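S.K.: below: sequence and its predicted model.
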Amino acid sequence: MTYKNFILVYIGLGENKKRDKKIHDDFIKKLIEHNIDDETQVIKAGAHKLCDTGTIVKVFPSNTLYKCSSREDISNIIEKHIIGGNTVSDLLYADHYREQIRVVMRNCGIIDPEAIGEYIARDGYAALEKVIFEMTADDVIEELKKSGIRGRGGAGFPTWKKWTFTKNVDSDMKYIICNADEGDPGAYMDRSTLEGDPHSILEAMTIAGHTTGASNGIIYIRAEYPLAIERLEIAIRQAKELGLLGDNILGSKFNFDIELRYGAGAFVCGEETALIASVEGKRGMPSPRPPFPAVKGLWGKPTIINNVETNANIPMIILKGGEWLASIGTEGSKGTKVFALTGKIRNTGLAEVPMGTTLREMIYDIGGGINNDKAFKAIQTGGPSGGLIPEEFMDTPIDYENLQNLGSIMGSGGMIVMDSDDCIVDIAKFYLKFSVDESCGKCAPCRIGGRTLLNMLTKISEGKGELSDIPQIKRVCKAMQKASLCGLGQAAPNPVLSALRHFEKEFKMHIEEKKCPAKKCIDLITYNILPDKCIGCTMCARACPVNAISGERQKIHVIDQNLCIKCGACLKACKFGAVSCQ
Amino acid sequence: MNMIKLEINNIPVEVETGTTILNAAKKVQVKIPTLCYHPDLVAWAACGICVVKIEGSPKMVRACATPVEEGMKVITHDPEIIEVRKTVLELILSTHPNDCLQCPRNGNCELQNLAAEFGIREIHLEKRLRNLPIDDSTTSLILNPEKCILCGRCAHVCQDMQNVWALEFVGRGDDTRIAPAADAKLSESPCIKCGQCAAHCPVGAIYEKDESNKVWDALEDPELHTVVQIAPAVRVAIGEAFGYAPGTLLTGKTYAALRRIGFNAIFDTNFGADLTIIEEGSEFVQRFVHGKGEIPLITSCCPSWVDYMEKYAPDFIPNFSTAKSPHEMVGAMSKTYYAQKAGIDPSKIFMVSIMPCTAKKYEITRSEEMFSSGYQDIDVSLTTRELTRMIKAAGIDFNNLPEEDADPILGTYTGAGTIFGATGGVMEAALRTAYFLVTGKELENVAFTAVRGLEGIKEASIDINGKEIKIAVAHWMSNIETVLNRIRESRKKGEEPPYHFIEVMACRGGCISGGGQPYGTTDEIREQRIKGLYLDDEKSTYRCSHQNPDIIKLYKDFLGEPLGENAHKYLHTTYRQRPIYKI
Amino acid sequence: MKKLTPKTIRAFREEQKAALYDNTKIRITIGMGSCGIAAGAEEALETFREEVANNDIKDVVIKQTGCIGLCYAEPTVEVQVPGMPTVVYGKVTADAARRIIDKHVIRKRLVNDLIFDNPTECAITL
């Protein structure tokens, strides 16, 4: 017996769970009342975002979304829609998933990345055909200009300008490089795009080659992405078989070949000039710019370096026109951006939203709010080059300029949400340590300044900081920002500076009061057993991995502070609330 | 050439396209401080000291690496820029040892100069030294990575300028250090001891092994008869330590200073140069005219070049002149010919050579032929810098010394001998004598300007008695690969080699820019020193080596024939292949 | 395979479209991005294949796809059965896979608690 209709009731979390479950049960009851329970299935589905004003319900086969708050609503839906076949307009819920606009991820989750036929079915390589046979190079660049697309790797440089520089240089060899080194911790948008839709990148690079006069493409991909590498190799092979890559593409006189080069575990090789050095077989150390790679890059030849996400936009811009992309986004930041939303939120994952979406929408609507109902503290954007943004700026629309003004950057799209259990000093230390580890060591401000800053922050987190440290920290940060040779060093102080700017109180607490409010910095917290609560059950002593707790049965237990490693096992083990962490 | 108009600190200036902000600023008397920058090398742009502001941009750019643009408005000094530079310098100083007073660069250090210029009085940042061991495994150079500020000059000189690749950046981040590949010891690496790394190092991270103690000890020893010789390149550079302009000829004062220091006899390496020409010129005639031996003939007076050849190009061993280098010849003669003439027990002779070169410290024990006199022919080789320190330590007022002469027997020289210190000089000297040896006539015009100058590879041809001799002169080692490959190509094709006679000097400009010369050598200074040598040549009584009366006497009284038995015993050496890496 | 030209690519594209959007078959699409695989998508894939074979279900296409962005709910599987709504299941363990075959594919009932919103069905799809 097959059902004719399906009603999906989204069951929320926390308090909404009970409410939504009730609606679910009421639907079933109502259907039984109307005697159509054998043709309509009601099921519980996982809620995407919190809706405090009602239960979200989806009706199939019409794929209609409703918001239900009462039995009356349920009756209306069943009578008017299920039985009557009409939409109940005042119950329609239009907000759902309006947040995402999938341009870059248009094929991810729909096609098999290892089947070129499916890519072609979804208009794949139609843009390339248009570029080769119906457009001039100037036409292509005009569309890019109209679209307003800016480099998605983080720098946000207008793509049309880069392509123009390279197109205008007279040279026997030119190169198109796709930067797939994605080094930011917590960022995996490019990985997903390459694993889910590798042909979009190949097509974009070929378009770039045709427009600027290059015949050689290189995808510089970090070796830590073996699945993406495999899928790219398959895609390249398939494209060549069908004449969409290699010699005489689509029967034209245009040749374009793409090879893969692997990174060797250096974040700095995501920087253009260091990437070029790496491809040339040298140490991955940046060079001064100018000359810019677009004019003088790989092997001294004009070279375009575009990020994976920037590339993924190109075929769409060609097919739908630059104006179409420009209709999405804000004045200064057009189009969409893929964000990797991670951290202390419920719905971690990738989301592609139009520029201008607010941070609040990202965290609550898409992210589903903070895990375990803890308090929101900050959101970190842009990876180790970005900054921390606190609650008061949550309604900021996301675009390049706004984030920069807040002391952060868009970066490649990593967004990490922090709650009250995260310590700002600890976070700043974490990002700084990453930059220090990844520093290539060439220039003094980054090589020496990074470690000096890290040591100063470590001192503060150990309770040995002084107020006079803060101006020194700011001075070194300034020197790194202004005098480092490349973006790694220039941006490494950002987490520290933004932490100082937005969370100065928490910093001062570490310095003046030697306290860590998030209870993260182990030198600033002590675990104690409260004598008036301890009943001597010995659970804590048994849980302690270093035997720091002593006490006889039914006698008050004591923690030896010299042995305690602040792991918190005792706190978890105690059922009587007798262990306190200060 | 396109000209570009810009403003520096509101001062208008016009320069050629491609000029950097740093050089444009010099035109309007604005000195932007630098540290890692060196005019010999492509701007490495690492240290961050030379940052400047450009109106309209929030960023600061490096003046050494940024070309000017039309209408650019540069600000080189304002409180913000100065604060950033000072912080960067403090960061560098915070990882640098505080032992200036015991450092070989005390008073002569680019980091010290910057710290003084910036008025550093306190370093607010934590001191953080790296605890890396000193490498003194070679005879000539000492690496002290604790002092290294990672300016990269040594690595780039060794790789790009010299093509030896003994030094490279190793490690990453603040673990970065400059060392031979895989942290090998310098003596295990391809290092040819040319000392260009030391000559370019701004601080005391690479420097020559100071052996002046051995010389002081010998001078104190009443038993020893101390003799000394100075290289041609020394006389035009030593003045720089005493305030003279580079290139000032100070031969007479140097002799005087050496006498004051206490040497028993003062000789001149230029005598040895003349001797080398007699031997090598004869060698050339043998090979080229009489067909006995490989063509091209390649000069061998540069020990770094010899080391490079033995490691990287052993296929050219048969082409090498077997003649020793000039100072070795003087050394051998001092413990035989001179000892006889002066009636001194050769075992008591202590021979010191003052060289612009750090590789000579390696050369003097290179093979058993360096002991041809029965004793070590040269006991110690000191660099110009070491001699300078000795003169100062001995309390000698160099500037006001009278001019003196060298001692006879091994002290006189011709113009051909003195130009040995310049690139092209050995070739020119050899041709002057080769012409005589082949035709029996003296040249009317002895100046071969085609082989002079700082161009990396100089080619020329001269006609001797109807025969065309094709010559090449190469200096700074990265040029030699090109020349050798041309010969290898012709060998493969079975053609005649493109050259008959080749001169190679490892250092740019020749020995005048050697690893042991006064610090701060630039092309401008090289040209001045070279000019000084050619001046010395022009005012010499004799312009050709074979005209040196003392040389003629030497052969007559002692050596016999050029290339004869005695000459071979004392004045010639052999070569063998050596491994590039000794691991 | 013959190389495509502007003339032949059009026909090829139409062919491929028809195959891709053919909803006369049962389609089970498993997200096989690194996030999915790390969460156990390969196991789910195996189980689906097994169950389809064991139950002798005809006209089934089991395919892979990339990451749809629902990383917190991986492994994700889109199930399309003619006559029923196309839904995305999340947290598909081997057990859940069996339930999906049994309830959804065979008995034409959606499975409770495992359905998630499909992000590819957002405001503007292309």
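M.R.: Great, that's in hand.

S.K.: low-scoring stretches of chain C, by residue?
M.R.: C:122-126 (pLDDT under 70).

S.K.: skipping adjacent residues, who's closest to the residue of it found nearest chain B in space?
M.R.: With C-beta to the nearest C-beta as the measure, C:Ser34 is the residue of chain C nearest to chain B, at 26.6 Å. (Each C-beta comes from the backbone N, C-alpha and C, glycine too.) Nearest non-adjacent residue to C:Ser34, counting by C-beta to C-beta, 6 or more residues apart in numbering or on different chains: A:Leu227, 5.3 Å away.

S.K.: that neighbour reaches C:Ala38, doesn't it?
M.R.: No: using C-beta atoms under 8 Å, A:Leu227 is not in contact with C:Ala38, being 10.2 Å away.

S.K.: please, which helix or strand holds A:Val42?
M.R.: strand A:40-46 (DSSP states H and E).

S.K.: no, scratch that, I was asking about A:Leu232
M.R.: helix A:226-241.

S.K.: roughly how far does the residue of the stretch 1-150 of chain A found nearest chain C sit from chain B?
M.R.: Relative to chain C, the nearest point of the stretch 1-150 of chain A is A:Gly109 (3.1 Å; C-beta to the nearest C-beta). Distance of A:Gly109 to chain B, given as C-beta to the nearest C-beta, to the nearest Å: 38 Å.

S.K.: hang on, that residue packs against C:Cys71?
M.R.: No: under the criterion of C-beta under 8 Å, A:Gly109 makes no contact with C:Cys71, lying 11.6 Å away.

S.K.: hmm, back to that, could I get the average pLDDT for the helix holding A:Leu232?
M.R.: Per-residue pLDDT over helix A:226-241 has a mean of 97.

S.K.: list the helices and strands the following helix or strand past it packs on?
M.R.: Note on helix A:226-241: by DSSP H and E, the next helix or strand toward the C-terminus is strand A:257-262. In terms of contacts (3 or more C-beta pairs under 8 Å, 6 or more residues apart in numbering or on different chains; DSSP states H and E), strand A:257-262 is packed against helix A:198-212, strand A:216-221, helix A:226-241.

S.K.: 6 Å instead?
M.R.: Contacts defined by 3 or more C-beta pairs under 6 Å, 6 or more residues apart in numbering or on different chains; DSSP states H and E place strand A:257-262 against strand A:216-221.

S.K.: for the strand it packs on, which helices and strands make contact with it?
M.R.: Strand A:216-221 packs on strand A:175-180, strand A:257-262, going by 3+ C-beta pairs under 6 Å, 6+ apart.

S.K.: most neighbours per residue, which of these?
M.R.: The highest mean neighbour count among these, using mean count of other C-beta atoms under 10 Å in any protein chain shown, belongs to strand A:175-180: a mean of 27.

S.K.: follow-up on the earlier one: show me what the strand holding A:Val42 is in contact with.
M.R.: A:3, A:5-11, A:24, A:27-28, A:31, A:82, C:109-110, C:112-113, C:115-116 (C-beta atoms under 6 Å, 6 or more residues apart in numbering or on different chains).

S.K.: cool, stretch C:44-53 as well?
M.R.: Stretch C:44-53 has contacts (C-beta under 6 Å, 6+ apart) with C:28, C:30, C:60, C:62, C:75, C:92, C:94, C:97-98, C:101.

S.K.: likewise for stretch A:51-70?
M.R.: Contacts of stretch A:51-70 (C-beta under 6 Å, 6+ apart): A:6-10, A:20, A:23, A:74, A:77, A:81, A:91, A:93, A:96, C:85.

S.K.: switch to 7 Å and redo it
M.R.: Stretch A:51-70 is touched from outside by A:5-10, A:12, A:19-20, A:23, A:74, A:77, A:81, A:87-88, A:91-93, A:96, C:85, with contacts defined as C-beta atoms under 7 Å, 6 or more residues apart in numbering or on different chains.

S.K.: and those residues, which are buried?
M.R.: A:5-10, A:12, A:19-20, A:23, A:74, A:77, A:81, A:88, A:91, A:93, A:96, C:85 (16 or more other C-beta atoms under 10 Å in any protein chain shown).

S.K.: where helices are concerned, which of the contacts of stretch A:51-70 count?
M.R.: Counted as lying in helices by DSSP state H, out of the contacts of stretch A:51-70, are A:19-20, A:23, A:74.

S.K.: between these, which is nearest A:Thr164?
M.R.: Taking C-beta to C-beta as the measure, A:Thr164 lies nearest A:Asp20 of those, at 54.1 Å.

S.K.: one step back: in strands, which of the contacts of stretch C:44-53 fall?
M.R.: Counting by DSSP state E, the contacts of stretch C:44-53 place C:28, C:30, C:60, C:62 in strands.

S.K.: turn the contacts of stretch C:44-53 into JSON lines, including distance to chain A and neighbour count.
M.R.: Shown next, in JSON lines, are these (distance: C-beta to the nearest C-beta, whole Å; neighbours: other C-beta atoms under 10 Å in any protein chain shown):
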{"residue": "C:Ile28", "distance to chain A": "12", "neighbour count": "26"}
{"residue": "C:Ile30", "distance to chain A": "10", "neighbour count": "23"}
{"residue": "C:Val60", "distance to chain A": "15", "neighbour count": "18"}
{"residue": "C:Ile62", "distance to chain A": "11", "neighbour count": "14"}
{"residue": "C:Pro75", "distance to chain A": "13", "neighbour count": "28"}
{"residue": "C:Val92", "distance to chain A": "12", "neighbour count": "30"}
{"residue": "C:Ala94", "distance to chain A": "19", "neighbour count": "17"}
{"residue": "C:Ala97", "distance to chain A": "17", "neighbour count": "25"}
{"residue": "C:Arg98", "distance to chain A": "18", "neighbour count": "16"}
{"residue": "C:Ile101", "distance to chain A": "16", "neighbour count": "24"}
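
S.K.: B:Ala184: which of these is nearest?
M.R.: Nearest member of the contacts of stretch C:44-53 to B:Ala184, counting by C-beta to C-beta, is C:Pro75, at 51.0 Å.

S.K.: ok, now which ones touch that closest one?
M.R.: Here C:Pro75 is in contact with C:30-31, C:36, C:39-41, C:44, C:92 (C-beta under 7 Å, 6+ apart).

S.K.: gap between stretch B:475-482 and the chain center?
M.R.: 15 Å (C-alpha atoms, centre = their mean, to the nearest Å).

S.K.: got the end-to-end distance for that stretch?
M.R.: 11 Å (C-alpha to C-alpha, to the nearest Å).

S.K.: quick one: buried residues of that stretch?
M.R.: By neighbour count, with 16+ other C-beta under 10 Å as the criterion, the buried positions of stretch B:475-482 are B:475-480.

S.K.: what would those look like in a markdown table with distance to A:Gly386, secondary structure and pLDDT?
M.R.: What follows is the buried residues of stretch B:475-482, written out as a markdown table (distance: C-beta to C-beta, whole Å; DSSP: H, G, I helix; E, B strand; the rest coil; pLDDT from 0 to 100):
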| residue | distance to A:Gly386 | secondary structure | pLDDT |
| --- | --- | --- | --- |
| B:His475 | 51 | strand | 95 |
| B:Trp476 | 46 | coil | 94 |
| B:Met477 | 47 | helix | 94 |
| B:Ser478 | 43 | helix | 94 |
| B:Asn479 | 48 | helix | 96 |
| B:Ile480 | 50 | helix | 95 |
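
S.K.: look up which residues are beta-bridged to the residue nearest in space to the middle of chain A.
M.R.: Chain A has A:Ala340 as the residue nearest its centroid, 2.0 Å off, counting by C-alpha atoms, centre = their mean. Beta bridges link A:Ala340 to A:Leu350, A:Gly414, judged by DSSP bridges.

S.K.: so it sits against A:Asp184, correct?
M.R.: No: contact criterion C-beta atoms under 7 Å: A:Ala340 and A:Asp184 do not qualify, at 8.7 Å.
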